[in-house]
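> Predicted coordinates and the sequence they were generated for:
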Amino acid sequence: MALAAGRAMLMRSGVRLGTQAAARGGNGARRFMNHRVVVEPNTVPGVAVIKFKNPPVNSLTLEFLTEFVICLEKLENDKTFRGVVLTSDCPGIFSAGLDLREMCGKNPAHYAEYWRAVQEMWLKVYLSNLVLVAAINGTSPAGGCLIALSCDYRVLADNPRYRMGLNETLLGLVVPFWFKDTLVNTIGHRASERALQLGLLFPPAEALQLGMVDQVVPEDQVQSTALSVMTQWLAIPDHVRQLTKNMIRKATADHLIKHQEADIQNFINFISRDSIQKSLQVYLENLKQKKH
Ligand SMILES: CC/C=C\CC/C=C/CC(=O)SCCNC(=O)CCNC(=O)[C@H](O)C(C)(C)COP(=O)(O)OP(=O)(O)OC[C@H]1O[C@@H](n2cnc3c(N)ncnc32)[C@H](O)[C@@H]1OP(=O)(O)O
């Protein structure tokens, strides 16, 4: 249903589905390209690399979210793939999180469509049958951090400029319960309480200490490390690993699935408030100002 809506949206925006450019790379591997998400089968059999390519900062626009979900779905349905590495094609930035312009100055119907796309993306990543390893080669606040937290394993580049965390309170936003649940499941209750209230963004050493990431490695080794970790995960038969993953994650996902419509309505009510719109505009303005 969501996929169908996404396809319709992409058709409206002029993106042709089923006609991804396919080219052969130097090693003979096929390389699929959408506009904003690039999928590269890798040298590790059964593993694809998804590169986020939505410059300048890989913000999670409606179109990006739709392409990303369709890509994951295609890989899941193609039985030659068992694992995916998620990484970024934008230097220094994994993802800047939800696109602030999607949440500013729009109408309730747009907010509903956008929030449903955010929910569907999270459910798709969180419950994926594939092994997902995040190769975090840049900063990843808020929604960007959520994507990484929803993977099975996280490798972060050792660069003190790269920060990770759920910083929603710094934007005047209340973190959705399923963002919170994902963080609590990863770093525990007490650490989440502090991180979420203060909107903390952690440098690599602290992210590692908290358990927000599993490994910190030199920047030029992020993808190769993610691929070698993948080999270990793929040594486990898919069906037992998938059933185990589902058993662990189902309750968290079901919480959103059960309250999906109420969560959309809550988002619309919250984001439409004048005070929230004002603080998002100020935040965007501050991002612009810091350049001058
Ligand atoms: C009930 C629930 C209600 C609400 C829940 C809503 C949940 C929201 C979760 C989120 O994900 S909110 C988004 C949080 N993201 C951030 O706070 C990141 C903001 N961006 C930055 O801190 C920086 O841009 C950066 C560190 C990612 C990159 O810095 P730098 O390389 O210096 O680039 P610029 O800052 O110059 O940015 C370039 C360009 O991109 C625009 N931009 C940046 N982030 C976003 C974004 N998230 N959405 C839309 N646009 C973004 C920025 O404004 C610049 O645009 P110009 O037009 O000025 O070039």
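Arrived safely, thanks for sending.
> quick check: mean pLDDT across stretch 207-218?
Average pLDDT, stretch 207-218: 98.
> Next, the distance between the ends of it.
15 Å (CA to CA, to the nearest Å).
> per-residue pLDDT, the residue nearest the centre of the chain?
Nearest to the mean C-alpha position of the chain, by CA atoms, centre = their mean, lies Ile147 at 2.7 Å. On pLDDT, Ile147 comes in at 99.
> Off-centre distance for the one helix or strand it maps to?
Ile147 is part of helix 143-149 when elements are defined by DSSP states H and E. Offset of helix 143-149 from its chain centre (CA atoms, centre = their mean, to the nearest Å): 5 Å.
> Next: stretch 111-128.
That offset, for stretch 111-128, works out to 10 Å (CA atoms, centre = their mean).
> Ok, stretch 39-50 next?
18 Å.
> Just the CA trace of that stretch, in PDB.
Extracted in PDB, the C-alpha atoms of stretch 39-50 (Å, rounded to 0.1, in the frame of the first residue of the first chain):
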ATOM      1  CA  VAL A  39      22.800   0.400  -5.200                       C
ATOM      2  CA  GLU A  40      26.100  -1.400  -5.900                       C
ATOM      3  CA  PRO A  41      26.400  -5.200  -5.700                       C
ATOM      4  CA  ASN A  42      29.700  -5.800  -4.000                       C
ATOM      5  CA  THR A  43      32.600  -8.100  -4.300                       C
ATOM      6  CA  VAL A  44      31.200 -10.000  -1.200                       C
ATOM      7  CA  PRO A  45      28.700 -12.500  -2.700                       C
ATOM      8  CA  GLY A  46      25.100 -11.700  -1.700                       C
ATOM      9  CA  VAL A  47      25.900  -8.200  -0.400                       C
ATOM     10  CA  ALA A  48      24.800  -4.900  -1.900                       C
ATOM     11  CA  VAL A  49      26.000  -1.500  -0.900                       C
ATOM     12  CA  ILE A  50      23.400   1.300  -0.800                       C
END
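> could you dump stretch 168-184 to CSV, C-alpha only?
Provided in CSV are the C-alpha atoms of stretch 168-184 (Å, rounded to 0.1, in the frame of the first residue of the first chain):
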residue,chain,number,x,y,z
GLU,A,168,15.3,16.8,18.4
THR,A,169,15.0,18.8,21.6
LEU,A,170,17.5,21.3,20.2
LEU,A,171,15.1,22.0,17.4
GLY,A,172,12.2,22.4,19.8
LEU,A,173,10.8,19.0,18.8
VAL,A,174,9.6,16.1,20.9
VAL,A,175,11.2,12.8,19.8
PRO,A,176,8.6,10.3,18.5
PHE,A,177,8.1,7.3,20.8
TRP,A,178,9.5,4.9,18.2
PHE,A,179,12.7,6.9,17.8
LYS,A,180,13.0,6.8,21.6
ASP,A,181,12.3,3.0,21.7
THR,A,182,15.0,2.4,19.1
LEU,A,183,17.5,4.3,21.1
VAL,A,184,16.5,2.7,24.4
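> quick one: the closest residue to Leu256 other than its chain neighbours from Leu201, how far?
Once flanking residues are discounted, Leu256 sits nearest to Trp178: 4.5 Å by CB to CB, 6 or more residues apart in numbering. Just so you know, the C-beta spots here come from the backbone N, C-alpha and C atoms, and that holds for glycine as well. Per CB to CB, to the nearest Å, Trp178 is found 20 Å from Leu201.
> One more: Trp233?
Distance, Trp233 to Leu201, by CB to CB: 28 Å.
> quick one, which of the two is more surrounded?
Leu201 (20 against 17; other CB atoms under 10 Å).
> hang on, the earlier thing: check for me that the residue nearest to Leu256 belongs to a helix.
Yes. Applying DSSP: H, G, I helix; E, B strand; the rest coil, one finds Trp178 inside a helix.
> All the helices of this protein, in order from the start?
Taking DSSP state H, the helices of the chain run over residues 2-12, 62-77, 108-126, 143-149, 177-187, 189-198, 204-210, 222-234, 238-258, 260-271, 274-289.
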